[in-house]
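Asker: Only the shape, not the letters, is given here:
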């Protein structure tokens, strides 16, 4: 049995999602205990949507699910690291591979990389 | 000027720290606006310690500072990714390279990797 400290963050812990093949950080989301269990049981990354207040099986709308390859827990048991295979190649709802597609350059944000899908197309289905 | 959404998390945003050379996720910490500015101005990773309630220049006690090589901001502007050179080779206060030194294996946590420093030694100085 693995104890995750959900209490510290009012029932939620941050989760880093990293590409298992090349180490790219894809996104950060949050899990409650239900989504943690669902992730371990199904092998598919499942979060808690703070905006919608519901279980969020990543990729259910876009098809871009995340197949869990490895799971790590940090020293304080209050942060989780998932290493995944990103189905469809894009984790970000804006269509980029990573949510971290903007780089700080001279006090400005510069977009890095190309859109892999068009959000208007994917989320209107 | 870069707008970070500090309001969403009551003044704090989570920050992922990643080794710039090989992509290892080293730790997650939090920044307020003061630590964000300090990080950009000094090039040394600076957080807000939630437990101590003070500015936390990472490595001030242990000597294991983090030299910032690149900074990314996520799609919602509420999470930051720092790519750093980890001085001393270990980011975790428990002496491991990464705070994520425990891997989930069969519903147990298994330690991965070796201690690089002895916390009792480093933090008693």
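Answerer: Arrived safely. Note that the structure is a prediction, hence the values are computed from the model and not measured. Residues are numbered from 1 along each chain as shown, chains lettered A, B, ... in the order given.

Asker: Quickly list what residue A:31 is bridged to.
Answerer: residue A:13 (DSSP bridges).

Asker: right, and it touches residue A:45 too?
Answerer: No: Residue A:31 is beyond contact range of residue A:45, at 9.1 Å (criterion: C-beta atoms under 8 Å). Where C-beta positions appear, they are placed from N, C-alpha and C, glycine not excepted.

Asker: what's the overlap in contacts for the two?
Answerer: A:15, A:39 (C-beta atoms under 8 Å, 6 or more residues apart in numbering or on different chains).

Asker: so residue A:38 makes contact with residue A:58?
Answerer: No: using C-beta under 8 Å, residue A:38 and residue A:58 do not qualify as a contacting pair, with a distance of 10.8 Å.

Asker: and these two? which has more neighbours close in?
Answerer: residue A:58 (25 against 20; other C-beta atoms under 10 Å in any protein chain shown).

Asker: wait, doesn't the more buried one sit right on residue A:65?
Answerer: Yes: counting by C-beta under 8 Å, residue A:65 is a contact partner of residue A:58 at 6.2 Å.

Asker: can you point me to the longest helix in chain A?
Answerer: helix A:33-42 (DSSP state H).

Asker: How about residues contacting that one?
Answerer: A:4, A:6, A:11, A:13, A:31, A:44-48, A:55-57, A:68, A:71, A:80, A:82, B:104, B:107.

Asker: ok, whichever helix or strand comes after it: who's next to it in the sheet?
Answerer: The first helix or strand that comes after helix A:33-42 along the chain, using DSSP states H and E, is strand A:46-49. Strand A:46-49 has its sheet partners listed here by DSSP bridges as strand A:54-57 (antiparallel).

Asker: Give me the distance between the strand it pairs with and the centre of its chain.
Answerer: 12 Å (C-alpha atoms, centre = their mean, to the nearest Å).

Asker: model confidence over it, on average?
Answerer: For strand A:54-57, the mean per-residue pLDDT is 98.

Asker: Residue A:87 contacts residue A:65, doesn't it?
Answerer: Yes: assessed by C-beta under 8 Å, residue A:87 is found in contact with residue A:65 at 4.7 Å.

Asker: Those two: which is more packed in?
Answerer: Taking other C-beta under 10 Å, residue A:87 and residue A:65 do not tie; residue A:65 has more neighbours (20 against 16).

Asker: got the contact list for that one?
Answerer: A:44-45, A:57-59, A:87-88.

Asker: What parts of chain A come near chain B?
Answerer: Applying C-beta under 8 Å from any C-beta of the partner chain, we find that chain A lies next to chain B at A:1-2, A:14, A:16, A:18, A:22-25, A:27-28, A:40, A:70-76, A:79, A:81, A:92-94, A:96, A:99-104, A:107-109, A:112.
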